[in-house]
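**Student:** With the input below, show me the fold.
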Amino acid sequence: MSPQPPSRISPRTWFAVAVVTTVLVTAGPVWNLFRAAPNTSDEGNVVERDSATLPPKSGGGPSSTAVADIDTPTLAAERIQPPEFVNTTAAQQATMTSVVIDQRNKLPTGDAGEEGWQSEAFSEAASQRLGQFAKWLAEADVLDETALGEWCHADATARLFDADSLPIEFQDELVTVARGKAAAIALTERPPRELNLASIAHALQARRASWHHARHAKFKLYRVAIDGHNATTEQFVHLSGSATGQTREYNSTWRFAWSQRDASQPPKIHRIEEERIEVVTAKRQQQPWLADCTASLMSAVPSYESEWLNSIPHWLTRLEAAQGVYNFGYHGVAIADVNSDGLDDVYLCQTGGLPNRLLLQRLDGTLEDVSAAAGVDYLDNTRAALFIDLDNDADQDLVLTTASGVILLENDGQLRYRPRARINSIRHGFSLAAADFDQDGQLDIYVCVYYGDNDAASELPLPLPYFDARNGGANHLIRNEGDWKFTDATEPAGLGDENFRFSFAATWDDIDNDSDLDLLVVNDFGPNQLYENEAGHFRNVANQNGLLDGAFGMSATIGDYDRDGRDDIYVSNMFSAAGNRVTTQPNFKSTEDAATREKFQRLARGNSLFRNRGDGTFDDTSVDMNVTMGRWSWGSLFVDLDNNGWDDLLVANGFVTGQQTDDL
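**Tutor:** Predicted coordinates for the structure are as follows:
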């Protein structure tokens, strides 16, 4: 994972180096950024009609042991309750669909049904119907009663919100956000209305009446529950479009009741209940609010086209295996002002056999490759980089985690880096985080080591047990003794407790407000860890304060999202539609206890937001604040993107991308 930079990153640099699809979530104004390409993976049904628009030392620190194998590396060439977060890249809100099957008919079967998973067989059939429904919603010129009868019975009824008269929760000169929740009917002046088939069609037509192009519809089914001849499904639903002067999107939660009255015909909708709705209206501008400027800023960097636009599969066929080319990437980015000119510069880690790159930012915002001249063009497979001042001379030194060890380089102040030490015993580190944990005035380094075996660089080891894996790598706390001497303080500092997880990332923060830095470690395949710092010695307290989480932890970011003066925590995990469906079935792990089954269900729920209660404990506000659905999330960052005083969330998501159409 990419390490957190030591200073705030300029927006220009952020978007110049962005290389993954992002989900932008805001606690204030809503941003309608990049329109994601249609994604039909994991039962998602997408239809787009038009793509045109788119402190000083207080005493001796903990005792420590010397790090073995340190040598010189070899170079290669007032409290305000915020509104819930709004997903502004057309991420879908939870939708409930209830499906009732006539007792005279069996649920759809197939391979899944034959294996006893009628819920998955029904999911496949329902997804096909929802895909057709999405196509009709996006492409039909008129949404009338006759056409709606293809999916709804003639006596179908519905309870839908009047989308044009919802309470407005946020509004500025560019964006309006309105919401309604059926669960709060008693508290709202505008509950959903009861409709018949003709009224349903009219309501749907009204929601997209002014859209002339860029119509987009999607259903993503993520849960099925079957009780005899009755079935319930849940799916994300999204509808959006553009017209002259504005764009609008609807993110709703509907409850459908289906019935199959004719065995020769597929099920049709019998009842629709809208449980939740969010309407985001944005004024269109001559220029987009954010634009991808990568190519223009990289115009003077030859490696942009020759290296970075090629995928890992491309390099797997061109680089020797001994170079350590890793199938899934995991190569980080570090950002800092390395030449003290007031502009942030970028260091890009690369796979083994390709040189790492240091890109200097010019006054016009373009980037210049100075890797060779600066002495940082390593060919080692490099997972993470971190700019920090290790020798207190007011410039940015560099730390790298490579397949051959952790490399520490000194910035001489003239844009030249000199290797000072390499810790050979810590190989394949995945990420880095720095802090002065013992308050001796020297920055120390925490290294997350994902793999339990240093040689497991290209294959994912089997996590055991899957929801609470204990065969991951051993992380390391490297204590800075000054004068470029470092010792391994992991065990003496108490960080050996449960030091066997698949750790992706770590971050430092004074969680308990006692004026020292605590350590949050985010783990894949199991619970996270919060190590409370007590005078330089750590104690794992995650089990006591509600931060275990227990999912596919990828990253963490810390910010005060509710502006109560206390730091809150956001952890990116993974949302899986299939995982949500399967783990909630009665026949999934049927011999296990409820607690174990709940752990598996938690793996697929998605991202987590923890609100600091101020007493050392946290509340899981993920669902209430609408942040769980971040798809397959990786890096995350609290940042006030619109300068309105509220911390927004930027979350990178996606998975393997390659040239082959039949791969992952």
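**Student:** hey, where'd the strands end up in the stretch 501-650 of the chain?
**Tutor:** Here the stretch 501-650 of the chain has its strands, by DSSP state E, counting those that start in this stretch, at 502-509, 518-524, 529-534, 537-540, 555-559, 568-572, 608-612, 618-620, 633-639, 648-653.
**Student:** Is it possible to get JSON lines of those that adds distance to residue 289 and mean pLDDT?
**Tutor:** Every residue, glycine included, has its C-beta placed from N, CA and C. As requested, those are exported to JSON lines (distance: least, CB to CB, whole Å; pLDDT from 0 to 100):
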{"stretch": "strand 502-509", "distance to residue 289": "29", "mean pLDDT": "88"}
{"stretch": "strand 518-524", "distance to residue 289": "30", "mean pLDDT": "90"}
{"stretch": "strand 529-534", "distance to residue 289": "36", "mean pLDDT": "88"}
{"stretch": "strand 537-540", "distance to residue 289": "42", "mean pLDDT": "87"}
{"stretch": "strand 555-559", "distance to residue 289": "21", "mean pLDDT": "87"}
{"stretch": "strand 568-572", "distance to residue 289": "23", "mean pLDDT": "89"}
{"stretch": "strand 608-612", "distance to residue 289": "24", "mean pLDDT": "89"}
{"stretch": "strand 618-620", "distance to residue 289": "32", "mean pLDDT": "85"}
{"stretch": "strand 633-639", "distance to residue 289": "15", "mean pLDDT": "85"}
{"stretch": "strand 648-653", "distance to residue 289": "13", "mean pLDDT": "86"}
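**Student:** Take those and lay them out in TSV including distance to residue 318 and mean neighbour count.
**Tutor:** Output for those, formatted as TSV (distance: least, CB to CB, whole Å; neighbours: other CB atoms under 10 Å):
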stretch	distance to residue 318	mean neighbour count
strand 502-509	28	25
strand 518-524	29	25
strand 529-534	39	23
strand 537-540	44	18
strand 555-559	30	23
strand 568-572	32	26
strand 608-612	40	24
strand 618-620	46	17
strand 633-639	26	22
strand 648-653	27	23
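**Student:** Looking at those, spot the one closest to residue 147.
**Tutor:** Among those, the nearest to residue 147 by CB to CB is strand 648-653 (34.7 Å).
**Student:** Can I take it that residue 299 is in a helix?
**Tutor:** No. Secondary structure assignment (DSSP: H, G, I helix; E, B strand; the rest coil) places residue 299 in coil, not in a helix.
**Student:** what's around it, how many residues?
**Tutor:** As a burial measure, residue 299 scores 10 neighbours (other CB atoms under 10 Å).
**Student:** how much space between it and residue 217?
**Tutor:** 38 Å (CB to CB, to the nearest Å).
**Student:** Then residue 317?
**Tutor:** 39 Å.
**Student:** Which residue of these two possesses the greater neighbour count?
**Tutor:** The residue with more neighbours, out of residue 317 and residue 217, is residue 217; 25 against 7, by other CB under 10 Å.
**Student:** Give me the distance between the two termini of stretch 482-498.
**Tutor:** Stretch 482-498 stretches 29 Å from its first residue to its last (CA to CA, to the nearest Å).
**Student:** Okay, buried residues for it please.
**Tutor:** 486, 487, 488, 489, 490, 491, 492, 493, 494, 495, 498 (16 or more other CB atoms under 10 Å).
**Student:** Equivalent analysis for stretch 359-376, please.
**Tutor:** Applying 16+ other CB under 10 Å to stretch 359-376 flags 359, 360, 361, 366, 367, 369, 370, 371, 374, 375, 376 as buried.
**Student:** cool, stretch 409-418 as well?
**Tutor:** In stretch 409-418, counting by 16+ other CB under 10 Å, buried: 409, 410, 411, 415, 417.
**Student:** Before we go further, the second one is sitting in a helix, right?
**Tutor:** No. Counting by three-state DSSP, residue 410 is located in no helix; its state is strand.
**Student:** Quick one: residues contacting it.
**Tutor:** Residues in contact with residue 410 (CB atoms under 8 Å, 6 or more residues apart in numbering) are 390, 391, 397, 417, 418, 419, 420, 484.
**Student:** Next one: the fourth one, what pLDDT does it get?
**Tutor:** Model confidence at residue 417, expressed as pLDDT, equals 95.
**Student:** For the closest residue in space to it that isn't next to it in sequence, list the residues it contacts.
**Tutor:** Closest residue in space to residue 417, ignoring its immediate chain neighbours: residue 409 at 4.2 Å, by CB to CB, 6 or more residues apart in numbering. Taking CB under 8 Å, 6+ apart as the criterion, residue 409 is in contact with 375, 376, 397, 398, 399, 400, 417, 418, 419, 420.
**Student:** before we move on, what SS does the second one have?
**Tutor:** Secondary structure state of residue 376, per three-state DSSP, is coil.
**Student:** wouldn't it be in contact with residue 356 here?
**Tutor:** Yes. Counting by CB atoms under 8 Å, residue 356 is a contact partner of residue 376 at 6.1 Å.
**Student:** How are the strands of the stretch 251-400 of the chain distributed by residue range?
**Tutor:** 268-283, 333-336, 345-348, 357-361, 367-369, 382-388, 397-402.
**Student:** State the mean pLDDT of the fourth one.
**Tutor:** Put plainly, it is strand 357-361. 94.
**Student:** Sort out which residues of the lengthiest helix in the chain are buried, please.
**Tutor:** In the chain, taking DSSP state H as the definition, the longest helix is helix 118-139. Of the residues in helix 118-139, 118-123, 125-127, 129-134, 136-138 count as buried by neighbour count, 16+ other CB under 10 Å.
**Student:** Which neighbouring elements make contact with it?
**Tutor:** strand 44-48, strand 93-100, helix 111-114, strand 213-227, strand 230-243, helix 577-583 (3 or more CB pairs under 8 Å, 6 or more residues apart in numbering; DSSP states H and E).
**Student:** which stretch in the ones you listed has the least confidence?
**Tutor:** Of all those, the minimum mean pLDDT falls on strand 93-100 (a mean of 34).
**Student:** between residue 376 and residue 356, what contacts are shared?
**Tutor:** Here residue 376 and residue 356 have residue 347 as joint contacts, going by CB under 8 Å, 6+ apart.
**Student:** Low-confidence stretches in this protein?
**Tutor:** Within the chain, the set of residues satisfying pLDDT under 70 comprises 1-116, 183-191, 227-230, 285-288, 327, 453-461, 656-664.
**Student:** Mind doing that once more with 50?
**Tutor:** By pLDDT under 50, the low-scoring segments of the chain are 1-81, 89-110, 114, 186-187, 456-458, 663-664.
**Student:** how near is the residue nearest to residue 417 to residue 122?
**Tutor:** Applying CB to CB to residue 409 and residue 122 gives a distance of 58 Å.
**Student:** Same check on residue 247?
**Tutor:** In terms of CB to CB, residue 247 sits 35 Å off from residue 122.
**Student:** cool, and residue 207?
**Tutor:** For residue 207, the distance to residue 122 equals 28 Å [CB to CB].
**Student:** swap in residue 226?
**Tutor:** In terms of CB to CB, residue 226 sits 7 Å off from residue 122.
**Student:** same deal with residue 597?
**Tutor:** Taking CB to CB, one finds residue 597 at 21 Å from residue 122.
**Student:** biggest separation within the contacts of residue 409, which pair?
**Tutor:** Spatial extent of those (CB to CB) is set by the pair 375 and 399 at 14.6 Å.
**Student:** How far does the longest helix of the chain sit from its chain's centre?
**Tutor:** 26 Å (CA atoms, centre = their mean, to the nearest Å).
**Student:** Likewise for stretch 547-555?
**Tutor:** 12 Å.
**Student:** and that stretch, C-alpha only, in PDB?
**Tutor:** The C-alpha trace of stretch 547-555 is given here as PDB (Å, rounded to 0.1, in the frame of the first residue of the first chain):
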ATOM      1  CA  LEU A 547     -11.700  -1.500  16.700                       C
ATOM      2  CA  LEU A 548     -11.300  -5.100  15.900                       C
ATOM      3  CA  ASP A 549     -13.200  -4.800  12.700                       C
ATOM      4  CA  GLY A 550     -12.300  -8.300  11.300                       C
ATOM      5  CA  ALA A 551     -12.400  -8.000   7.600                       C
ATOM      6  CA  PHE A 552     -10.000  -7.700   4.600                       C
ATOM      7  CA  GLY A 553      -8.200  -4.600   6.000                       C
ATOM      8  CA  MET A 554      -6.300  -2.700   3.400                       C
ATOM      9  CA  SER A 555      -5.700   0.800   4.700                       C
END
